[in-house]
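Enquirer: Test case, fold it:
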Amino acid sequence: MYSFFAMLGRMKYINRWSLMRNSRVENISEHSHEVAMLSHALALIGNKRLGKSLNAERAALLGLYHDSTEILTGDMPTPVKYNDSAIRTAYKHLEDQAAQSLLMKLPADLREEYESFFYPEEKDEYLWQLVKAADKLSALIKCLEEGKVGNREFVQAEEATRLKLEEMALPELKIFMAEFLEPYRHSLDEM
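Expert: This is a model prediction of the structure:
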């Protein structure tokens, strides 16, 4: 018996934004779905608008599994995770151990297929940049949604996340933000 997928099913129990007062709790399963969707969209924008040949389906899969290790590590808040290089190094080691633990819950003939979702291959370098952008974009969307219902707890997180997204300087990201971001501020009737 192999428990890989049963473990992944537990992503719904790991909440994000643990240090913030949320109007609606978000879990890593929901977040991973959104990151997969956004990663796919960014890759398609790259292909259709910028003449690139990106594997959009692969981008979606990388996004879907990008936080899987948090089933075992939990979601460490960004200010804590990136505040100190020693903490970041230790957390990276912990993520690697969690990835290995999860992969060992697969039969050997499937393990190799899933390893590439946990350990990026050189050919996936640009796709991983898009996944990281999608991850930050998902965080910005959460900030916008919280702001829309009057939760001021996310004001500084929104500002910091916008700055990080601008620093990424990815043309796909700029296009997405210009064309698709504003409606996240709208009510259903305004869409």
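
Enquirer: From here on, just use CA atoms for contacts and neighbour counts.
Expert: Noted.

Enquirer: Now do Met191, the pLDDT please.
Expert: Met191 is assigned 83 on the pLDDT scale.

Enquirer: Tell me, how many residues neighbour it?
Expert: By the measure other CA atoms under 10 Å, the count of residues near Met191 is 8.

Enquirer: That one contacts Leu181, correct?
Expert: No. Counting by CA atoms under 8 Å, no contact exists between Met191 and Leu181, whose distance comes to 11.9 Å.

Enquirer: residue boundaries of the helices in the chain?
Expert: Shown for the chain, the helices assigned by DSSP state H span residues 4-8, 28-50, 56-65, 70-73, 78-81, 85-103, 108-118, 125-148, 155-168, 171-180.

Enquirer: Nearest to Asn15, out of those helices?
Expert: helix 28-50 (6.2 Å; CA to CA).

Enquirer: relative orientation of that closest one and helix 125-148 in degrees?
Expert: Using axes from the mean of the first three to the mean of the last three CA atoms, to 10 degrees, the inter-axis angle of helix 28-50 relative to helix 125-148 is 120 degrees.

Enquirer: which residues are in contact with helix 28-50?
Expert: Here helix 28-50 makes contact (CA atoms under 8 Å, 6 or more residues apart in numbering) with 11-16, 52-67, 70, 127, 130-131, 133-135, 137-138, 171-173, 175-176.

Enquirer: Quick check on those: which are buried?
Expert: Burial of these was assessed by neighbour count (16 or more other CA atoms under 10 Å); the buried members are 11, 14-16, 54, 56-67, 70, 127, 130-131, 133-135, 137-138, 172-173.

Enquirer: Need the residue closest to the centroid of the protein.
Expert: The chain has Asp135 as the residue nearest its centroid, 3.1 Å off, counting by CA atoms, centre = their mean.

Enquirer: How about that one: what's its closest non-neighbour residue?
Expert: Val35 (5.5 Å; CA to CA, 6 or more residues apart in numbering).

Enquirer: so where's the protein uncertain?
Expert: Low-confidence segments of the chain, defined by pLDDT under 70, span residues 77, 79-82.

Enquirer: and with 80 instead?
Expert: Within the chain, the stretches with pLDDT under 80 are 75-84, 91.

Enquirer: What's the separation between Ala59 and Pro120?
Expert: As judged by CA to CA, to the nearest Å, Ala59 and Pro120 stand 11 Å apart.

Enquirer: cool, and Ser32?
Expert: Distance of Ser32 to Pro120, given as CA to CA: 17 Å.

Enquirer: Between these two, which is the more surrounded one?
Expert: Neighbours around Ser32 and Pro120, counted as other CA under 10 Å, are more numerous at Ser32. The numbers are 24 against 13.

Enquirer: so Gly74 makes contact with Lys12?
Expert: No. In terms of CA under 8 Å, Gly74 does not count as a neighbour of Lys12; the distance is 11.5 Å.

Enquirer: just to revisit the earlier point, kindly tell me how buried the residue nearest to Asp135 is, as a neighbour count.
Expert: Neighbourhood size, Val35 [other CA under 10 Å]: 32.
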